[in-house]
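# need a structure here:
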Amino acid sequence: MLHSALQANWVACSAHCGLHDEGGRLYAKLIAAWSEPHRHYHTLQHLGECLTALDAYGQDTTYSTEIAMALWFHDAIYNVHAHDNELRSAAWAHTALVEKGASSEQAERVSRLVLATQHSAAPADDEARLIVDIDLAILGARPDRFTEYEKQIRAEYAWVSEDIYRLKRSEVLQGFLARRYIYSTVPFQALYEHTARRNLQAAIDQLGTD
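Got it, this is the predicted structure:
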């Protein structure tokens, strides 16, 4: 079911962007990338959840198609040992979209939106705010899904010792909790802010007590 929904989304996105993905080769490359065996959270499940959130909250957005395409690419390159995943994913998006027939303006917009998911700076416009909130929606997920997410992240960093992981993961979660607002858009603040803060605090407490 997930794969059929993803394929339908890709076909619609490609059509809106004017892409000519002959034989679905780019689609196949993206699916293969998101299905790499070292991934546990940054998988097709995460991609599907992001696209579902966009369907729910982004239909009135001017560049919803570009946001969808950026979601397809935002974790397409994912190496837990690297620090330039978003940069490389954005570069792949720009190159691939131009090669498949997108305009340079579209490719640039998608690339910029992918870079917004670095979470290193405040998003600069409405589209960037929305994609960042979508990427962080997992923080405000129901408790069982958030617990699964934390386990998935731990599995991706299985090579890190327990003591170091607890310290570094707590720092990451505390960073989100210290923000005035975790989410930048009104719908996400209303729906997820409180739950996200509760989830984050519970995870931090768990990391410190186990």
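
# And the pLDDT at the closest residue to V80 other than its chain neighbours?
Leaving aside its sequence neighbours, V80 sits nearest to E156 (CB to CB, 6 or more residues apart in numbering; 5.3 Å). Placement of C-beta: from N, CA and C, glycine included. On the pLDDT scale, E156 is placed at 97.

# shouldn't E156 be in contact with T43?
No: the pair E156 / T43 is not scored as a contact, 9.8 Å apart, by CB atoms under 8 Å.

# hang on, the earlier thing: number of residues surrounding the residue nearest to V80?
16 (other CB atoms under 10 Å).

# cool, R145 as well?
R145 has 14 neighbouring residues, counting by other CB under 10 Å.

# Now do the contacts for it.
I138 (CB atoms under 8 Å, 6 or more residues apart in numbering).

# before we move on, back to that, in contact with the residue nearest to V80, which residues?
Contacts of E156 by CB under 8 Å, 6+ apart are 38-42, 80.

# hey, where'd the helices end up in this structure?
Assigned by DSSP state H, the chain shows helices spanning 2-17, 25-34, 44-57, 64-73, 85-99, 104-116, 126-135, 143-156, 162-177, 186-209.

# Mind pulling up the pLDDT for the residue positioned nearest the centre of the chain?
When CA atoms, centre = their mean is applied to the chain, the residue found nearest the centroid is D135 (3.9 Å). Looking at D135, its pLDDT stands at 97.

# what about it, distance to G208?
The spacing between D135 and G208, counted by CB to CB, to the nearest Å, is 26 Å.

# Mark out where each domain of the protein begins and ends.
Following automatic domain parsing, one finds the domains of the chain at 2-118, 139-209.

# Need these in JSON lines (columns: distance to A124).
Below are the domains of the chain laid out as JSON lines (distance: least, CB to CB, whole Å):
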{"stretch": "domain 2-118", "distance to A124": "8"}
{"stretch": "domain 139-209", "distance to A124": "11"}
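
# mind checking which of the ones you listed is nearest I131?
With CB to CB as the criterion, I131 lies closest to domain 2-118 of the domains of the chain, at 5.1 Å.

# For this structure, give me the ranges with low pLDDT.
Applying pLDDT under 70 to the chain flags residues 1, 209-210.

# wait, T43 sits on S35?
Yes: using CB under 8 Å, T43 is in contact with S35, at 7.1 Å.
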